[in-house]
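> with the sequence up front, the predicted model follows.
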Amino acid sequence: MIAQRFAVLSEPLRLRLIHALFDGEKSVNTLVELTGGTQANVSRHLQTLTQASILGRRKEGLQVFYSIADQSIFELCGLVCGSIEKQLTKQVGAFGR
């Protein structure tokens, strides 16, 4: 299950979709605009993230809206980004010597 979760998160467009939803619910059309993906590709990745219970969806008329369903994704992204930031800082420091 752990490997499957990380596999879902290994796709760059899925990470962009999650990041776009950090400040709240958005429609598919808005997510397409924010991520630069095609409608079909964004929809496919949203479906994968929803099936993994990372995102939630609701339908309002013809529009579909997505939001973060698994709140632990905020902490996970913070940990990973913080770790990468530390690595980059060390690398930059090593080059400056």
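Okay, I see it.
> mind checking how far the helix or strand hosting C81 is from the chain centre?
Per DSSP states H and E, C81 falls inside helix 72-95. Shown here is helix 72-95, whose average C-alpha point lies 17 Å from the average C-alpha point of the whole chain (CA atoms, centre = their mean, to the nearest Å).
> list the contacts for the closest residue to G56 other than its chain neighbours?
Distances taken as CB to CB, 6 or more residues apart in numbering put A69 closest to G56, at 3.6 Å, once the chain neighbours are dropped. Where C-beta positions appear, they are placed from N, C-alpha and C, glycine not excepted. For A69, the contacting residues are T50, S53, I54, L55, G56, by CB atoms under 8 Å, 6 or more residues apart in numbering.
> quick one, grab the pLDDT at the fourth one.
When you say that, I think you mean L55. Note for L55: predicted pLDDT of 98.
> returning to that earlier point: just the buried residues out of the contacts of A69, in ChimeraX syntax.
Buried residues within the contacts of A69, by 16 or more other CB atoms under 10 Å, are selected in ChimeraX with:
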select :54,55
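> which one of the contacts of A69 is nearest V80?
Here the nearest of the contacts of A69 to V80, counting by CB to CB, is I54; it sits at 14.2 Å.
> picking that back up, restricted to helices, list the contacts of A69.
Within those, membership in helices is found for T50, as judged by DSSP state H.
> now the contacts of A69 in a markdown table, please, with extra columns for distance to V64.
Putting the contacts of A69 into a markdown table (distance: CB to CB, whole Å) gives the following:
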| residue | distance to V64 |
| --- | --- |
| T50 | 10 |
| S53 | 17 |
| I54 | 16 |
| L55 | 11 |
| G56 | 11 |
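> would you map the strands across this structure?
Counting by DSSP state E, the segments of the chain that form strands are 26-27, 55-60, 63-68.
> and the ones you listed as TSV, adding distance to R5?
Putting the strands of the chain into TSV (distance: least, CB to CB, whole Å) gives the following:
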stretch	distance to R5
strand 26-27	22
strand 55-60	13
strand 63-68	15
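> understood, closing this out.
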